[in-house]
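**Student:** when you get a sec, could you give me coordinates for this:
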Amino acid sequence: MKTIALHPWRVSYEEALTIQAGLRRRLRLTPLRRAPRLVAGADVAYSRPTHRMYAAVVVLELPSLRVVETAESVSVARFPYIPGLFSFREIPPLLRAFKRLRRVPDVVIFDGQGLAHPRRLGLACHAGVLLGTPSVGCAKSRLVGEHGRVGAKVGDRADLVHEGDVVGVALRTRPGARPVYVSPGHRVDVASAVRVALATTRGFRLPEPVRLAHRATTALMRRRDPHLPRPRGRGYPDFVGKVTPG
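**Tutor:** Predicted coordinates for the structure are as follows:
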């Protein structure tokens, strides 16, 4: 899969802000032109002891959600975690994984924010522009904005509003579970992003492409660094530096 090289990655904080402003002007928030056939999920895990980034992209076929391809990459983290600049840390290893894909997904769901970002350019927006592919952000926690009560049924939602603009929704994907925060990335709008998330949800809180991508990063880390301790209990292990996406 081809990617577009629009900017360097080893940049200062001020340079990163300038890059975000330029990419924001390239962003297109439009409805999906057709129902997707291939949907990819993308995720990255980080190991504090090794400073390695473990990236995985899992491509699924709709409507069966059968996995048709997985691509992975391992690299050393080159950018620190800075709130609002999360994409500069995670996208480089993800791009290496995307370049290894033989199939081009119709839409990609990222484990992170899209438009629901302080400068309207979260991980899904940034990566979507560089890939030239429709993209959706699906985050487990809220970065910006406020929303009303979300109903208890799957598919219930409430608009996520930031500075007067609807930047996404809080979406119920599983009864009894907290909502996820879905926002458009690139070449989709809010309604399209919600449709993609719901079409790929199968009884878990996270859409299946993202859930499987997370499982793939964990398995990759265990294979490449078997000396690291195994996770204890549910959620991310102590040695994985996963933070609220910016």
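
**Student:** from here on, contacts and neighbour counts on C-alpha atoms
**Tutor:** Will do.

**Student:** helices or strands next to the longest helix along the chain in the packing?
**Tutor:** In terms of residue count, the longest helix belonging to the chain (DSSP state H) is helix 208-224. If you count contacts as 3 or more Cα pairs under 8 Å, 6 or more residues apart in numbering; DSSP states H and E, helix 208-224 packs onto strand 38-47, strand 52-61, strand 107-110.

**Student:** tell me which residue is most central in this protein.
**Tutor:** F110 (1.7 Å; Cα atoms, centre = their mean).

**Student:** need the pLDDT of that one.
**Tutor:** pLDDT for F110: 98.

**Student:** that one: what's it in contact with?
**Tutor:** F110 sits next to G41, A42, D43, L123, A124, S135, V136, G137, C138, V210 when contact means Cα atoms under 8 Å, 6 or more residues apart in numbering.

**Student:** now R202
**Tutor:** E208.

**Student:** tell me the SS of it?
**Tutor:** Three-state call for R202 (DSSP: H, G, I helix; E, B strand; the rest coil): coil.

**Student:** please apply the same query to P83.
**Tutor:** With three-state DSSP as the basis, P83 sits in coil.

**Student:** that one: how many residues sit nearby?
**Tutor:** Neighbour count of P83, defined by other Cα atoms under 10 Å: 13.

**Student:** what about it, distance to P118?
**Tutor:** Remark: distance between P83 and P118 (Cα to Cα, to the nearest Å) = 10 Å.

**Student:** got a list of what the spatially closest residue to L32 that is not a sequence neighbour touches?
**Tutor:** Nearest non-adjacent residue to L32, counting by Cα to Cα, 6 or more residues apart in numbering: V188, 5.4 Å away. Residues near V188 by Cα under 8 Å, 6+ apart: R28, L29, T30, P31, L32, P134, S135, V136.

**Student:** among these, name the ones in helices.
**Tutor:** Short answer: the contacts of V188 have none in helices (DSSP H).

**Student:** quick one: the helices in the protein?
**Tutor:** Counting by DSSP H, the chain has helices at residues 13-26, 86-99, 123-131, 190-199, 208-224.

**Student:** quick revisit: make CSV from the helices and strands packed on helix 208-224 and add distance to A170 to it.
**Tutor:** Below are these laid out as CSV (distance: least, Cα to Cα, whole Å):
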stretch, distance to A170
strand 38-47, 19
strand 52-61, 24
strand 107-110, 16
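
**Student:** looking at the ones you listed, which is nearest to G155?
**Tutor:** strand 107-110 (17.2 Å; Cα to Cα).

**Student:** and that closest one, C-alpha only, in CSV?
**Tutor:** Extracted as CSV, the C-alpha positions of strand 107-110 are listed here (Å, rounded to 0.1, in the frame of the first residue of the first chain):
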residue,chain,number,x,y,z
VAL,A,107,-11.5,2.5,5.2
VAL,A,108,-9.2,2.3,8.2
ILE,A,109,-10.3,2.5,11.9
PHE,A,110,-7.5,3.8,14.2
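
**Student:** run through the residues that contact the residue nearest to R157 when sequence neighbours are not counted.
**Tutor:** Take R157 and drop its neighbours on the chain: the residue closest to it by Cα to Cα, 6+ apart is L171, 4.5 Å away. Applying Cα under 8 Å, 6+ apart to L171 gives the contacts V150, V154, G155, D156, R157, A158, P179, V180, Y181, V182, V194.
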